[in-house]
Structure formats: C-alpha cells, structure tokens
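Enquirer: What follows is a predicted structure for the sequence shown.
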Amino acid sequence: MKYCYKVPCQKEMLREIRSFVKDVLDKHGLSEEDISTLVLAIDEVCANLIIHTHKCNASDSIELEIKFKKNKEVIFSIIDKAEMFNINQYEEPTLDEIIKRRRKGGVGLILVKRIMDDIQITTDQKKHICRLSKKI
C-alpha cells in the first residue's frame with residue numbers, strides 16, 4: 001500500500017507532516033515507540049529541507065510517499081525538485097565535540113541515521129529522492 005502527501009515548504013506544515021506519518025503508521029499497527037521514532041526521523045529530514053534548502057518558501061513544495069512492503073519493511077520517499085543534502089556523507093561529530101562547541105543542531109541527522117536501516121539519495125533530471133527504509 002502506498003500513501004502520498006504533498007506540502008508547501010512552510011515550517012507550519014511540519015505539524016501536518018508529523019500527523020500524516022503518525023496516522024499512516026497507526027493504520028498498520030506499529031507500536032507507539034516505533035511510530036514516535038519514525039515520525040522523529042521523517043520530521044527531521046523534512047524540516048531540514050523546508051528550513052535550510054527552501055528557506056521556508058511557500059511557493060516550493062516537497063512530497064512524501066510511504067510504502068509498506070510484504071517483507072515487513074516501510075519505505076519513506078521524500079521527493080523534492082531542489083538538490084538534497086546527502087545524509088550518507090554527513091560525518092557525525094562526537095557528543096564531546098557538540099558540547100565543547102556548544103553547537104546548535106546537527107543531532108537530528110545523527111538520530112535519522114541511527115533510526116533508519118537504510119538511506120538512499122537518488123537523482124534524475126527532474127527530482128531528488130531521499131528514500132529511508134525501516135524493517136518493522
């Protein structure tokens with residue numbers, strides 16, 4: 001089964017994205033813990049796109065697709081026309097470095113990489129896709 005949701009790139013839409021993801025995952029009987037961690041991961045990726053890539057430009061939009069596979073895997077595809085930051089190339093700072101530099105941010109990407117089983121970034125001439133998968 002596949003679910004799709006398209007939203008304008010506004011911070012206010014993050015609440016709608018979280019609600020959409022939660023509702024879809026609820027329909028498939030995931031535990032509250034699994035739902036919370038998956039919502040957190042998707043929210044982080046979408047927030048980075050909306051805030052940093054699109055600068056909250058409401059005339060831009062992103063799409064989110066959620067697919068459930070028969071092998072008990074859920075795949076989230078975040079589709080965007082703008083070039084995406086490749087999370088797989090992100091070098092995680094140590095916790096000591098974050099504390100030492102009093103750095104704001106950067107922790108969300110660490111969480112996404114730890115929550116998801118696989119992250120792929122694909123590109124064609126018209127769109128960029130961040131595909132995140134998790135065995136459930």
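Expert: Noted; the coordinates are in hand.

Enquirer: which residues touch the most centrally placed residue in the chain?
Expert: Taking CA atoms, centre = their mean, the centroid of the chain lies closest to residue 42, which sits 2.9 Å from it. Applying CB atoms under 8 Å, 6 or more residues apart in numbering, we find residue 42 in contact with 17-18, 21, 64, 76, 78, 132. Where C-beta positions appear, they are placed from N, C-alpha and C, glycine not excepted.

Enquirer: From those, list the buried ones, please.
Expert: The neighbour count (16 or more other CB atoms under 10 Å) marks 17-18, 21, 64, 76, 78, 132 as buried among the contacts of residue 42.

Enquirer: In strands, which of those residues fall?
Expert: 64, 76, 78, 132 (DSSP state E).

Enquirer: could the residues you listed be laid out in a markdown table, adding distance to residue 13?
Expert: Conversion of these to a markdown table gives the following (distance: CB to CB, whole Å):
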| residue | distance to residue 13 |
| --- | --- |
| 64 | 10 |
| 76 | 16 |
| 78 | 13 |
| 132 | 19 |
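
Enquirer: Near the closest residue to residue 79 other than its chain neighbours, how many other residues are there?
Expert: Once flanking residues are discounted, residue 79 sits nearest to residue 63: 4.1 Å by CB to CB, 6 or more residues apart in numbering. The burial count assigned to residue 63 is 15, neighbours taken as other CB atoms under 10 Å.

Enquirer: Is residue 63 in contact with residue 78, as I believe?
Expert: Yes: with contact defined as CB atoms under 8 Å, residue 63 reaches residue 78; the gap is 7.3 Å.

Enquirer: circling back to that earlier point, now, the most widely separated pair of the contacts of residue 42?
Expert: 18 and 132 (15.0 Å; CB to CB).

Enquirer: Appreciated, that's everything.
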